[in-house]
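J.: could you look at this predicted model? Sequence included:
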Amino acid sequence: MKHVSFSGRLVMVGFGSIGQGVLPLILRHIDMPSDKITIVTAEERGHDVADEYKIRFEKIALTRDNYRQVLQPMLGKGDYLLNLSVDVSSVALIELAQELGAMYLDTCIEPWAGGYTDPGKTPSQRSNYALRDSARTLIEKYKGGPTAVLTHGANPGLVSHFVKDAMLQIARDTGVTATVPKDRTGWGALAKELGVKVIHIAERDTQVSNTPKARDEFVNTWSIDGFVGEGCQPAELGWGSHEKQLPEDGRRHDFGCDAAIYLLRPGASTKVRTWTPLEGPFHGFLITHNEAISIADYYSVTQGDKVAYRPTVHYAYHPCDDAVLSVHEVAGKNWDMQSRKRLMMDEITSGMDELGVLLMGHKKGAYWYGSRLTIEQARKLAPHNNATSLQVTVAVLAGLVWAMENPNRGLIEADELDHARIMDVCRPYLGEMAGEYSDWTPLQDRENLFPEDIDRDDPWQFKNFRVV
């Protein structure tokens, strides 16, 4: 199915696992000539994939000094800048696209190289909260301009649409009469009425390969540089109105929307208790992601100057087992990355990515809703993808389609898009879409061996989820 026709040029910045995986989807579902697509990337990796589809490939590392000179001749009014890079400032590319009249999409708000770990910046300044705020300052400036979709991969991105579907299902199952809300006010009111206190992006990747991780090697099923970069940022979470006290190492920001906090420790060394239907209870990394902030902000209900309702929102991620070992090794080297990197793709022998949202605190306790995509399914559905990458690449495709159908919406976040349209595009590539209720809480089987500092009066307090 061709979802949309596009007559402009498309420039893809970055061509790692996500770029290589989304290219065949773009050619399959967007009616446009392949000779109007250009890839600009800092690495030779993926050149063979570009050649397979006869796509122009330019090996150029974009920097503060050259990005305008490189990209301006390639872009104009009605074109599209697809940013799938690392170490290239998203804000710089957004502004350039707006000036040139081109649409834009990225999967996260990236700083220039070194921005995630700059010792000259405070943890607050290095946070995703700060990066999101820097992009949102452009909303009014470019209101009504070419559509720029911010942070629309799997997470952030696709999971925001999972949240909306999950809430509508909880409403039906708990007897709450609800039409589909039309705006953030309506969605916030529905979340408050349902009593959703906590939202986890709960993900368990079980993909394994026939090549075990070696010493001094980082192995993962998606961007290694991206994973390590965000893992070295402070752990961040949207901070709910039901929370009784700030963690001892928790801090608020002194700017922006105030919907989130950060911890004085990296996300890759912070663990939380969570649950998915197939895995059951497990410990996941509280890696910072834009959706933890944007979802908490989007569903906030205010009365005057006070927040009457806001859910606590954060990522709870168990990557593939080799990636867990890789994180353990890099942490032991004080976050100095290994000399070798390996992205698992063809060598994967089995496993799936169970990616969903876990909504807790409502009348039925906990509800997980999301995608169960196996490696076998992913390979049948699209070339150059594994289960993890396909959940990202199809969301990128859906964001492109939506923007091409709505070309003059200015800067817009995932939570503000038409979730039904996005899901229409994505659903054929997500494997089994499943929803399951559970009586699990983070207090399950606690204090069997040792006393713990927990809150038994309210299981949904963050202190109960955190692993200490």
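T.: Received the coordinates, thanks.

J.: tell me the mean pLDDT for the longest helix along the chain?
T.: Counting by DSSP state H, the longest helix found in the chain is helix 387-405. Averaged across helix 387-405, pLDDT comes to 98.

J.: this structure: helices as residue ranges?
T.: Using DSSP H, helices in the chain cover 17-29, 47-52, 67-71, 90-100, 128-136, 158-173, 184-194, 224-232, 290-298, 321-332, 375-381, 387-405, 419-426, 462-465.

J.: any idea which of these scores lowest on pLDDT?
T.: When the helices of the chain are compared by mean pLDDT, helix 224-232 comes last with a mean of 94.

J.: which secondary structure elements does that helix sit against?
T.: Contacts defined by 3 or more CB pairs under 8 Å, 6 or more residues apart in numbering; DSSP states H and E place helix 224-232 against strand 217-220, helix 321-332, strand 340-343. Using the backbone N, CA and C atoms, a C-beta is placed for each residue, glycine as well.

J.: now with 10 Å, please.
T.: helix 17-29, strand 217-220, strand 260-266, strand 280-285, strand 312-318, helix 321-332, strand 340-343 (3 or more CB pairs under 10 Å, 6 or more residues apart in numbering; DSSP states H and E).

J.: can you redo those as a markdown table with mean neighbour count and distance to Gly175?
T.: A markdown table is the format used below for the helices and strands packed on helix 224-232 (neighbours: other CB atoms under 10 Å; distance: least, CB to CB, whole Å):
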| stretch | mean neighbour count | distance to Gly175 |
| --- | --- | --- |
| helix 17-29 | 23 | 39 |
| strand 217-220 | 23 | 43 |
| strand 260-266 | 21 | 32 |
| strand 280-285 | 18 | 28 |
| strand 312-318 | 27 | 25 |
| helix 321-332 | 18 | 41 |
| strand 340-343 | 16 | 47 |
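
J.: any chance of those in TSV, with distance to Val357 too?
T.: Formatted as TSV, the helices and strands packed on helix 224-232 follow (distance: least, CB to CB, whole Å):
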stretch	distance to Val357
helix 17-29	21
strand 217-220	22
strand 260-266	17
strand 280-285	13
strand 312-318	9
helix 321-332	21
strand 340-343	26
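
J.: among the ones you listed, which comes closest to Asp133?
T.: Nearest to Asp133, of all the helices and strands packed on helix 224-232, is strand 260-266, at 10.3 Å by CB to CB.

J.: partners of that closest one in the sheet?
T.: Applying DSSP bridges, strand 260-266 is found paired with strand 234-238 (antiparallel), strand 250-252 (antiparallel).

J.: send me it as PDB with only the CA atoms.
T.: The C-alpha trace of strand 260-266 is given here as PDB (Å, rounded to 0.1, in the frame of the first residue of the first chain):
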ATOM      1  CA  ALA A 260       9.900  15.900  35.400                       C
ATOM      2  CA  ILE A 261      12.800  15.400  37.800                       C
ATOM      3  CA  TYR A 262      16.300  13.900  37.400                       C
ATOM      4  CA  LEU A 263      18.500  11.800  39.600                       C
ATOM      5  CA  LEU A 264      22.100  12.500  40.400                       C
ATOM      6  CA  ARG A 265      23.300   9.300  38.700                       C
ATOM      7  CA  PRO A 266      23.300   7.900  35.200                       C
END
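
J.: and Pro277, backbone torsions?
T.: phi -60, psi -40 (degrees, to the nearest 10).

J.: per-residue pLDDT, it?
T.: So Pro277 comes in at 98 (pLDDT).

J.: okay, the strands paired with strand 260-266, which one's buried deepest?
T.: Greatest average neighbour count among the strands paired with strand 260-266 goes to strand 234-238 (a mean of 28), per mean count of other CB atoms under 10 Å.

J.: and the angle for that one with helix 224-232?
T.: For strand 234-238 against helix 224-232, the angle by axes from the mean of the first three to the mean of the last three CA atoms, to 10 degrees is 80 degrees.

J.: tell me the mean pLDDT for strand 234-238?
T.: 98.

J.: list the buried residues for stretch 225-244?
T.: Across stretch 225-244, burial judged by 16 or more other CB atoms under 10 Å covers 225-243.

J.: distance between that stretch and the chain's centre?
T.: Centre-to-centre, stretch 225-244 and its host chain are 12 Å apart (CA atoms, centre = their mean, to the nearest Å).

J.: kindly report the same for stretch 198-211.
T.: Averaging C-alpha positions (CA atoms, centre = their mean) puts stretch 198-211 14 Å from its chain's average.

J.: what does stretch 278-288 give?
T.: 15 Å.

J.: tell me the span between the first and last residue of it.
T.: 24 Å (CA to CA, to the nearest Å).

J.: picking that back up, nearest to Asn406, of the strands paired with strand 260-266?
T.: Closest among those, using CB to CB: strand 234-238, at 26.5 Å.

J.: on that earlier part again, highest average neighbour count across the helices of the chain?
T.: helix 290-298 (a mean of 28).

J.: now that one against helix 224-232, angle please.
T.: Using the same axes, to 10 degrees: helix 290-298 against helix 224-232 is 50 degrees.

J.: packing partners for helix 290-298?
T.: helix 128-136, helix 158-173, helix 184-194, strand 198-205, strand 234-238, strand 260-266, strand 312-318, strand 411-413.

J.: nearest to Asp453, out of the ones you listed?
T.: strand 260-266 (16.4 Å).

J.: now the closest one: how far from the chain's centre is it?
T.: A distance of 18 Å separates the centroid of the chain from that of strand 260-266, by CA atoms, centre = their mean.

J.: what do you get for stretch 254-266?
T.: Remark: stretch 254-266 is offset 18 Å from the chain centroid, using CA atoms, centre = their mean.

J.: what do you get for stretch 34-50?
T.: Using CA atoms, centre = their mean, the offset of stretch 34-50 from its chain centre is 24 Å.
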